[in-house]
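A.B. asks: quick one, fold the following:
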Amino acid sequence: MGDLRRPRGTRDHNPDDMRERRRLEGAIIEVARRCGFEEVRTPIFEHTELFTAKSGDDIIAQLYAFEDKSGRSLTLRPELTAPVMRMIATGDLRERPRPVKVCYTGPCFRYEEAKTGRWREFDQFGVEVVGASGPLVEAEVIACAMSMLEASGLKEWRFSIGHVGLLHAFLDAAQVPATFTDEQREKAIKDGWTSKDHAGAERDAPRTVLLRMLDKQQIQGTNELMRLLGIEETYITVLDALDSNNSNEDLASLSEHFANLDIDTTPINNLQETLGHLSALGVPMERIDLDLTTARGLDYYTGCVFEARVETLGGEGQVLGGGTYRLLHLFGLDDLDPCCGFGFGTDRVLLALESQGSDATASAPRVALIPLNTEANAVLPMLTALRDSGITAEIEMRQRNLSKSMKWADNAGFTHTIVVGPKEIESGVLSVKDMMSGESSSITHSDLIERLLE
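C.D. replies: Sure, this is the predicted structure:
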């Protein structure tokens, strides 16, 4: 028999893992529902072209692609936004009243280096608003994202917000050339700003390289590259202002700076409006940082972009990210662009919860019924009543002595045990043991469910 170990970059989830995973999924889906999002589901595999045409280069390099028995190239989905856009473009969702608001969850697959916080199979949750755009839409989506983080039980997280349109307005005004000269490309390759493998490709264009460097907060390198490209020093000084702005007051100052250089201030005005809506929505503004150099690394973002991080996770600390983007025009549906949405990293949030020792994992009652010197049929009606009330309940099936049965209940993680014998059945008074405190209470049969649910 061949190698039976689980594949590298994958995990098995035991009952404790799944209990917390389902709790988290339930909490964030409930937030999405309250915000008006309806759940959809797409296939785990799609035609490879969907991802080679609609995803970023970094994702394309990590595809799990294969050929089916009919010779078609198929791929395990590396992310969920493109499949959901395909679903909207080719199905009946496009005929629904706008905006279309959907949420989704499921496993994704990427062939990348497996390490803590990064797996080859991982779960992703996300929401998308299609057919409406602007600051109010962005604020609604961001508020939903922040509500999910709060509902998850995470304590230490920060939320950063920027605007890609602001970066594009700056680069437009600076008149960044469309291509490198041979001499400029040689210098850019030597300094690690681009790669000789990308020569002539769109990702080798100076504008794209600058956006990528800004996204990685390589401000000094960006300054040097702009000088290499012959950009006026007046515009290069704007970079320092972009990198240091972190408040509404700073945004107002940056707007004046842009106006003095004839740089379009519309993105700044839109960002200020989005922040105003967020304040009115009552989100915890103290958790928000402005990051005006972030571009989210994907070419299709056009407006507000945002990320959430948990610093205790280090380099893999991003747990959520999204923004306003254009994607449906690639399906011939220009009228539905731009859209706004985000992806929520379920696995990384669970990792962060484990790291912080969260009390969010506190479970609902799990009750073990132990028949003692009595027939199981006398106890089964109580088992059904507990389950019908929403309480997880099991019966000791092996009819062992009390000591062994109690040890089983303790090891299995039950929160309460109820020993039921002839005396308890006759009197209608049960002895209920709290397995956490070790204390026992006498509770009448009629009050049992109410007391357990307190």
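A.B. asks: now find how far off-centre the helix or strand harbouring residue 258 is within its chain.
C.D. replies: Using DSSP states H and E, residue 258 sits within helix 248-260. When distances are taken as C-alpha atoms, centre = their mean, to the nearest Å, helix 248-260 is centred 32 Å away from the chain's centroid.
A.B. asks: I'd like the average pLDDT over it.
C.D. replies: Average pLDDT, helix 248-260: 83.
A.B. asks: which other helices and strands does it contact?
C.D. replies: On a contact count with 3 or more C-beta pairs under 8 Å, 6 or more residues apart in numbering; DSSP states H and E, helix 248-260 meets helix 233-244, helix 266-281. For glycine as for every other residue, the C-beta is placed from the backbone atoms N, C-alpha and C.
A.B. asks: helix, strand or coil: sort out residue 303 for me.
C.D. replies: strand (DSSP: H, G, I helix; E, B strand; the rest coil).
A.B. asks: give the helix, strand or coil label for the residue nearest to residue 395 when sequence neighbours are not counted.
C.D. replies: Nearest non-adjacent residue to residue 395, counting by C-beta to C-beta, 6 or more residues apart in numbering: residue 369, 4.7 Å away. With three-state DSSP as the basis, residue 369 sits in strand.
A.B. asks: who are the contact partners of residue 369?
C.D. replies: Residue 369 is in contact with 379, 382, 383, 386, 393, 394, 395, 396, 417, 418, 420, counting by C-beta atoms under 8 Å, 6 or more residues apart in numbering.
A.B. asks: distance of residue 348 relative to residue 451?
C.D. replies: Note on residue 348: its distance to residue 451, by C-beta to C-beta, to the nearest Å, is 38 Å.
A.B. asks: who has more neighbours out of these two?
C.D. replies: residue 348 (23 against 14; other C-beta atoms under 10 Å).
A.B. asks: now residue 254: how far from residue 222?
C.D. replies: Distance from residue 254 to residue 222, by C-beta to C-beta: 17 Å.
A.B. asks: which parts of the top helix by length along the chain are buried?
C.D. replies: The helix spanning the most residues in the chain, taking DSSP state H as the definition, is helix 15-34. For helix 15-34, the neighbour count (16 or more other C-beta atoms under 10 Å) marks 19, 20, 21, 23, 24, 27, 28, 29, 31, 32 as buried.
A.B. asks: can the residues you listed go into TSV with extra columns for distance to residue 63?
C.D. replies: Listed next are the buried residues of helix 15-34 as TSV, based on distance: C-beta to C-beta, whole Å:
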residue	distance to residue 63
19	33
20	30
21	26
23	32
24	28
27	31
28	27
29	28
31	31
32	28
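A.B. asks: nearest residue to the middle of this protein?
C.D. replies: In the chain, the residue lying closest to the centroid (C-alpha atoms, centre = their mean) is residue 344, at 0.8 Å.
A.B. asks: can you say which of the helices and strands packed on helix 248-260 is packed in most?
C.D. replies: helix 266-281 (a mean of 18; mean count of other C-beta atoms under 10 Å).
A.B. asks: and for the residue nearest to residue 336 when sequence neighbours are not counted, the neighbour number?
C.D. replies: In space, and not counting its chain neighbours, residue 336 is closest to residue 328: 4.4 Å by C-beta to C-beta, 6+ apart. Applying other C-beta under 10 Å, we find 21 residues neighbouring residue 328.
A.B. asks: looking at it, residue 328 is touching residue 133, isn't it?
C.D. replies: No - counting by C-beta atoms under 8 Å, residue 328 does not reach residue 133; the two are 11.4 Å apart.
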